[in-house]
Each structure stands twice: as structure tokens, then as C-alpha cells.
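**Q** below are the sequence and a predicted model for it; my questions follow.
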Amino acid sequence: MSQTRRLAAILTADVAGYSRLIGRTRAISYKPSGRYGPSRDYVNQIGLESDEGSERIKAAYGVIYERLVALKNKYDPTNLFRHNQNIKPTV
């Protein structure tokens, strides 16, 4: 028996359990979960700052952006690591 058929047999054998799992998954997946909700961008899916603009990068990092700027000021004030979704130092 193939894995797909085996999985289908397991899922159809316990329809009530399967329905409960679907319900739990939907409850977790579809509700906005604060800082990781659907209104936020996923940082790795944002293009370069020259293409996307710095405001979208700031929005993706949300409330931790200022903390990241402080770390960037301390450890990389010359902006050596400036590729991808850059956080510019302010010093």
C-alpha cells in the first residue's frame, strides 16, 4: 500500500478526530496572532532596500526595529553587513 493510501485510510478511519484536528488548525492559522499575524511581512520575502524601500523593512521588523538599530550602531557602525534587508546604523 502506498503512503498516500495509508494516510487516507488512517484519516478516514477517524473522521471525528480528523475534524477536530482541522478545526484546531484553522483556529490557530486564521486568527491574527499579534506580531506574527497576516498584516506583517515575512522579512526574508522582502527584496532589497533599493527595490522595496526602507519603510516596508521597518514594518516587517515591527516593534523590535529600534532595538535592531541599536545593535547595528554598536556592532556594525560602518554598515559592513548591508546586504539583504538592511538596517541602517544611525551613528
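**A** Okay, I see it.
**Q** rest of the way, CA atoms for contacts and neighbours
**A** Noted.
**Q** burial measure for Arg6, as a count.
**A** Using other CA atoms under 10 Å, Arg6 has 10 other residues around it.
**Q** what about it, which helix or strand?
**A** Assigned by DSSP states H and E, Arg6 belongs to helix 3-13.
**Q** and Arg82, by the same measure?
**A** Using DSSP H and E, no helix or strand contains Arg82.
**Q** quick check: phi and psi at it.
**A** Main-chain torsions, Arg82, degrees, to the nearest 10: phi -120, psi 10.
**Q** also Ile46?
**A** Torsion angles, degrees, to the nearest 10, at Ile46: phi -90, psi 140.
**Q** for it, which residues are in contact?
**A** 52, 56-57, 85 (CA atoms under 8 Å, 6 or more residues apart in numbering).
**Q** would you format those residues as a markdown table with secondary structure included?
**A** Converted to a markdown table, those look like this (DSSP: H, G, I helix; E, B strand; the rest coil):
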| residue | secondary structure |
| --- | --- |
| Glu52 | helix |
| Arg56 | helix |
| Ile57 | helix |
| Gln85 | coil |
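**Q** leaving out sequence neighbours, find the closest residue to the most centrally placed residue in the chain.
**A** The residue lying closest to the centre of the chain (CA atoms, centre = their mean) is Tyr42, at 4.0 Å. Setting aside the residues directly before and after it, Tyr42 is nearest to Ala60 in space (CA to CA, 6 or more residues apart in numbering), at 6.4 Å.
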